[in-house]
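>>> Need coordinates for the following:
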Amino acid sequence: MAITSNDYIVVSQPDLENSLSCEKVEGRSSICLASILWHPSPEAYVIKFKVNRTSDSKDIERITIESARLMSVYLNPLTAKFYETKPALIDMLDVTEFHAENIIVEIEFDNNGSYYSAYFYPKLTNGSLSLIHDFFEGKVDTYKHLFDVCEKMNRAQEDHVFQEYCVFTNVP
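This is a model prediction of the structure:
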């Protein structure tokens, strides 16, 4: 079952939610599942996790990106393939409607009230697999950021630019 809005659909993944949702693991884990959203235009499947821990500021970027990478390896078969492993949490996903290969992992890191954000996802282009990621100081909505970049780059009105900056899915 999914809850819809004009901008997104809240995707239900009961097995993943029962194991990792922030409500279920509060106080027992430094990482938890915050939301699972499908954005229809442009299409993007974003799974957001929150990380709450105290870290030295010099390590924040590395830890935030590494958290996003690790969750992408666990959930997205293409990221796992890149690292020559299997996605450890794939069995917790119902992939009948939303494909795991399209998952973009978003991380919101709370370091004693200072927030940082990152995203991580695989991109399959003409059979070539690359990994896309970025890091930000503050709370940054991954989809909004990617959409804004798409809008700016799309002004070039060239198909290869659209494919590079505005297509966030690997499997239709």
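
>>> Pull the contacting residues for residue 135.
Listed by C-beta atoms under 8 Å, 6 or more residues apart in numbering, the contact set of residue 135 reads 61, 64-65, 116-118. Using the backbone N, CA and C atoms, a C-beta is placed for each residue, glycine as well.

>>> Identify the bridge partners of the nearest residue to residue 82 once chain neighbours are set aside.
With C-beta to C-beta, 6 or more residues apart in numbering as the criterion, residue 82 has its nearest non-adjacent residue at 5.7 Å, and that residue is residue 129. Residue 129 forms beta bridges with residue 124, as assigned by DSSP bridges.

>>> if I pick residue 129, what's in contact with it?
78, 81-82, 122-123.

>>> do the same with residue 52
Counting by C-beta under 8 Å, 6+ apart, residue 52 has contacts 30, 32, 109-110.

>>> just the buried members of the residues you listed?
32, 109 (16 or more other C-beta atoms under 10 Å).

>>> from the contacts of residue 52, which two are the most distant?
Pairwise distances across the contacts of residue 52 peak at 12.1 Å for 32 and 109 (criterion: C-beta to C-beta).

>>> How about the contacts made by residue 63?
So residue 63 contacts 51, 55, 109 (C-beta under 8 Å, 6+ apart).

>>> what do residue 32 and residue 109 both touch?
50, 52.

>>> Just the C-alphas of the lengthiest helix in the chain, formatted as CSV.
Secondary structure assigned by DSSP state H gives helix 60-75 as the longest helix of the chain. The C-alpha coordinates for helix 60-75 follow below in CSV (Å, rounded to 0.1, in the frame of the first residue of the first chain):
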residue,chain,number,x,y,z
ILE,A,60,31.8,13.6,9.2
GLU,A,61,32.0,13.7,5.4
ARG,A,62,33.7,10.3,5.3
ILE,A,63,31.2,8.7,7.7
THR,A,64,28.2,10.2,6.1
ILE,A,65,29.1,9.1,2.6
GLU,A,66,30.3,5.7,3.8
SER,A,67,26.9,5.2,5.6
ALA,A,68,25.1,6.0,2.3
ARG,A,69,27.4,3.7,0.3
LEU,A,70,26.9,0.9,2.8
MET,A,71,23.1,1.1,2.7
SER,A,72,23.2,1.3,-1.1
VAL,A,73,25.3,-1.9,-1.1
TYR,A,74,22.8,-3.6,1.2
LEU,A,75,19.8,-2.6,-0.8
